[in-house]
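J.: Turn this into a structure:
(one chain, ligands or ions: 2)
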Amino acid sequence: MPRTPDREKPPTALGRPSKPGPARGGCLCGLIRYRTMAPPRWVAACHCADCRRASGAFLAVYAGYIPTDLIYEAETPREFSSSPGVVRSFCPRCGSSLTYRSTRWPDEIHLLTATLDNPASFCPESHVFDRERPEWLQLADGLPHFPTTPGKD
Ligand SMILES: [Zn+2]
Ligand SMILES: [Zn+2]
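T.: Numbering: from 1, shown residues only. Ligands and ions are numbered 1, 2, ... in the order given. As a prediction, this is how the structure comes out:
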C-alpha cells in the first residue's frame, strides 16, 4: 500500500521547536524592552536588500505576530517608512532594528528575532527573497528557499 503523503509539518532545522510561546527581548542598549504574549504565526529568514540595510546584516530573521501580542514594557521604538506602505522601527538611542510592518500584511507585525533574549530557539521555517542572498552565503539547513515570498514567483 502506497504511503499517504505526510501532511504534517516537516521538522524544523535541527529538530528544535521553532515557535516558543511568550518571550522577552529588547534593543542593544536596553531602552526598548518588549514581551510577546503568544507564539508567533511563523518564523522566516529574509535576504532582501532593504532588510539587509535596515539590520546591517546579511540575514534578518523575523517572527510574525498579531500586533496586540507584542507589548512594549516602557519606551516605544521610533518608526521609519522605508518604502511605500512599509514601516520599520528601531531604538531611538542605540539604533537596533526591531520590527517591520507592511500594508501587505495589515494584521501582523514582524519582529526581528535577533533582538529576543533567547533568539536561537526561534528556528526559521523558510528563507524568503533568497534571490537576493549573496553567493558566498551557502546554507545547508534543509529549509525551503523562496525567490521572493511563498506564493509569488
Ligand atoms: Zn537601544
Ligand atoms: Zn526583507
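J.: For the protein, give me the ranges with low pLDDT.
T.: 1-18, 153 (pLDDT under 70).
J.: Nearest residue to the residue nearest in space to the middle of it in space, ignoring adjacent ones along the chain?
T.: Here the mean C-alpha position of the chain is nearest to the C-alpha of residue 62 (CA atoms, centre = their mean), at a distance of 0.1 Å. Leaving aside its sequence neighbours, residue 62 sits nearest to residue 110 (CB to CB, 6 or more residues apart in numbering; 4.1 Å). Bear in mind the C-beta positions are built from the backbone N, C-alpha and C, glycine included.
J.: For the helix or strand in which residue 24 is found, which outside residues touch it?
T.: Using DSSP states H and E, residue 24 maps to strand 23-26. Contacts to strand 23-26, defined as CB atoms under 8 Å, 6 or more residues apart in numbering, come from residues 32-36, 111, 115-119, 122.
J.: how about the CA coordinates for it, as PDB?
T.: These are the backbone C-alpha positions of strand 23-26, laid out as PDB (Å, rounded to 0.1, in the frame of the first residue of the first chain):
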ATOM      1  CA  ALA A  23       9.200  35.600  25.200                       C
ATOM      2  CA  ARG A  24      11.100  38.700  26.000                       C
ATOM      3  CA  GLY A  25      13.600  40.800  24.200                       C
ATOM      4  CA  GLY A  26      14.900  44.300  23.600                       C
END
